[in-house]
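Asks: I would like to see how this sequence folds:
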Amino acid sequence: MNCILVVFDTLRQDHVGAYGNQWIRTPHLDAFARESVVFTAAHPESLPTLPFRRGLYTGARVFPFSDHRQYKGDFVGAPGWGPMREERPALSEVLHEAGYRAGLISDVYHQFKPSKNFHRGFDQWTWIRGQENDKYRSGPEPSPEAIAAHLPASTLQQPLAERRGYGLLRQYLMNTAERRCEEDYFAPQVLRAAAAWLQQNRDAERLFLTVESFDPHEPWDPPEYYRKPYDPSGDEVGDVTLSGYGPAQGLTAAELRRLRANYAGEVTMADRWFGVLMETMERLGLTEDTIVVVVSDHGHCLGEHGVISKQGHPMSREIADLLLMVRAPGVKPGRSDALISSHDIPVTLLRLMGVEPPETMTGLDFSPVLRGDQEAHRDHTTTAWGPFVMVRDARMWYNAFLGREAERLYDLQADAQLRRNLAAEHPEVCAHMAALAVADAGEPIPEWLLGMRNQPGCTPLEPELAVE
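Replies: Below is the predicted model:
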């Protein structure tokens, strides 16, 4: 039995046709969904990027981030943003020991920074360079006009170097200066390289391939012909490609429409090249004996709830509802509303492949759900982003600071879009949900974690949670 794990960063569940979206074109993901078990209630164990992948790769909780430390030259202020713990075997290592040939194809540059070890256990790992702030190129400098063209008009009064996103765009435009055609964009590069790896390693008895596409993460800058179907306007609208990580009211209606169209265009482009990978599998005769998992790590609010951001609070469904689809030999396609946590995936895959998971993998096996032997899995899930948690069960959605400040509670059956906060009306439910989060941590909550809510990456949008 072979296995392919495909991870799309920032791919919103509700922006894929198989999950009900009617305006974004995702024909290849939709076709895959028709052959898969589609999970509608999957959530990340921890966020953002690297904490999620630590749980996904090791099958163990990262929350409450007790091993966190600040590494030189790395992202500041996201607990759990570090390497995988040495004592926790990665899925790739377990499968390598079981005789699998393992490959990693990724443009998630955070995985390859100094001190990181996400390539552990892989026989080949390929890093597609240049995403976001990857120090891929140091020149030539892009012109001020080129940088400003991707920033919203609402920031025009600020000096260019002080406008949010200036530094990232400066690096990104250097990195992509020689991009000439669609194949030079990142999602095509990653998925073409993954298809090539399958061709090059067809002689292996058993294969395990992890494919990490940073797209549709920002900057949202697809070729114009991917954006045009969603926003046909021209140069009169600034080509806004970055998130403001704050309130949405700073953008004009036209800029917000362009931002959403750029994101949608990246989703459609990623979908097209996912189709190339699936077609390569079929051509190589791998479809009948290969498990394929497609999962996202989180989404991004694009004006919903008045924000353009992703953050631990408020953690809305746009952020925490994951795309998760599993196609496996002998498994009947369908849909499931079983509650799944992302760190359940490795142990489930190992069970399906007949490999015994190590004791360090504390995720729960949901293969009985895949096989149709049971409908339910977990009675709740907990997602942590720094000192903020989201806990949900079949009925309620709870989001708050670990100290139980700024509690939000929603009835998913009556209020699926999380509009009416019931926390004040049901303090006993809030207390129960908060206790579930603490219990899921499995160890005392570090005191230092409670003091990180103002750190970059953890900062809430609610003014009442800010601390001088």
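
Asks: just the helices in the stretch 101-250 of the chain please.
Replies: For the stretch 101-250 of the chain, applying DSSP state H, counting those that start in this stretch gives helices covering 144-148, 166-175, 186-200, 224-227.

Asks: what residues does the shortest one touch?
Replies: By Cβ atoms under 8 Å, 6 or more residues apart in numbering, the list of residues contacting helix 224-227 from outside reads 258, 261-262, 264-266, 268-269. Where you see a C-beta, it was placed from the backbone N, CA and C, and this is true even at glycine.

Asks: Nearest to F388, out of those residues: which one, please.
Replies: E266 (27.0 Å; Cβ to Cβ).

Asks: Can you give me the neighbour number for the closest one?
Replies: 29 (other Cβ atoms under 10 Å).

Asks: Go ahead and flag the most central residue of this structure.
Replies: D297 (2.1 Å; Cα atoms, centre = their mean).

Asks: Would you agree that one is in contact with T10?
Replies: Yes. The pair formed by D297 and T10 meets the contact definition of Cβ atoms under 8 Å, at 7.3 Å.

Asks: what about stretch 250-259, distance to the chain center?
Replies: 24 Å (Cα atoms, centre = their mean, to the nearest Å).

Asks: any chance of the contacts of helix 224-227 in a markdown table, with distance to M325 too?
Replies: Shown next, in a markdown table, are the contacts of helix 224-227 (distance: Cβ to Cβ, whole Å):
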| residue | distance to M325 |
| --- | --- |
| R258 | 30 |
| A261 | 25 |
| N262 | 25 |
| A264 | 19 |
| G265 | 22 |
| E266 | 19 |
| T268 | 17 |
| M269 | 19 |
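
Asks: pLDDT averaged over stretch 452-468 - what is it?
Replies: The average of the pLDDT scores along stretch 452-468 is 65.

Asks: If you average pLDDT per helix and strand, which one of this structure comes out bottom?
Replies: Least confident element among the helices and strands of the chain, by mean pLDDT, DSSP states H and E: strand 246-247 (a mean of 86).

Asks: roughly how far apart are the residue nearest to the centre of the chain and S233?
Replies: Applying Cβ to Cβ, to the nearest Å, the value for D297 to S233 is 31 Å.

Asks: Report the angle between the one helix or strand M281 maps to and helix 186-200.
Replies: Using DSSP states H and E, M281 sits in helix 253-283. Angle, helix 253-283 to helix 186-200, by axes from the mean of the first three to the mean of the last three Cα atoms, to 10 degrees: 10 degrees.

Asks: Tell me which strands whichever helix or strand comes after helix 253-283 pairs with, and in which orientation.
Replies: Next along the chain after helix 253-283, taking DSSP H and E as the criterion, comes strand 290-296. Under the criterion DSSP bridges, strand 290-296 sits next to strand 2-8 (parallel), strand 322-327 (antiparallel) in its sheet.

Asks: Make JSON lines out of the ones you listed and add distance to V292 and mean pLDDT.
Replies: Output for these, formatted as JSON lines (distance: least, Cβ to Cβ, whole Å; pLDDT from 0 to 100):
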{"stretch": "strand 2-8", "distance to V292": "5", "mean pLDDT": "98"}
{"stretch": "strand 322-327", "distance to V292": "5", "mean pLDDT": "98"}
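
Asks: Tell me which of those strands lies nearest to S213.
Replies: Nearest to S213, of all these, is strand 2-8, at 5.2 Å by Cβ to Cβ.

Asks: and the closest residue to L259 other than its chain neighbours, how many residues sit next to it?
Replies: Excluding the flanking residues, the one nearest L259 by Cβ to Cβ, 6 or more residues apart in numbering is V240, at 4.7 Å. Neighbourhood size, V240 [other Cβ under 10 Å]: 29.

Asks: mind listing what's buried in stretch 279-291?
Replies: When burial is assessed from 16 or more other Cβ atoms under 10 Å, stretch 279-291 yields the following buried residues: 280-281, 286, 290-291.

Asks: quick one: average confidence on it?
Replies: Mean predicted confidence for stretch 279-291 is 97.

Asks: How far away from the center of its chain is it?
Replies: 25 Å.

Asks: for stretch 376-389, same thing?
Replies: 15 Å.

Asks: distance between the ends of that stretch?
Replies: 23 Å (Cα to Cα, to the nearest Å).

Asks: buried ones in it?
Replies: Judged by neighbour count (16+ other Cβ under 10 Å), stretch 376-389 contains these buried residues: 377-378, 380-389.

Asks: now do stretch 1-21
Replies: 1-13, 15-19, 21.

Asks: what's the answer for stretch 113-132, then?
Replies: 113, 116, 118-122, 125-128, 130-132.

Asks: TSV for these, including distance to I308 and pLDDT?
Replies: What follows is these, written out as TSV (distance: Cβ to Cβ, whole Å; pLDDT from 0 to 100):
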residue	distance to I308	pLDDT
K113	26	93
K116	28	95
F118	28	98
H119	33	97
R120	35	97
G121	37	98
F122	35	98
W125	33	98
T126	32	98
W127	29	98
I128	27	98
G130	24	98
Q131	20	98
E132	17	96
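
Asks: and of the buried residues of stretch 279-291, the nearest to S46?
Replies: Among the buried residues of stretch 279-291, and counting by Cβ to Cβ, the member closest to S46 is I291, at 24.1 Å.

Asks: ok, back up a step: ok now the least confident helix or strand of the chain, how far from the chain's centre?
Replies: Counting by Cα atoms, centre = their mean, strand 246-247 comes out at 20 Å from the chain centroid.

Asks: which of the buried residues of stretch 279-291 sit farthest apart?
Replies: T280 and I291 (16.2 Å).

Asks: got a markdown table for the strands paired with strand 290-296, with distance to A253 too?
Replies: Formatted as a markdown table, these follow (distance: least, Cβ to Cβ, whole Å):
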| stretch | distance to A253 |
| --- | --- |
| strand 2-8 | 28 |
| strand 322-327 | 28 |
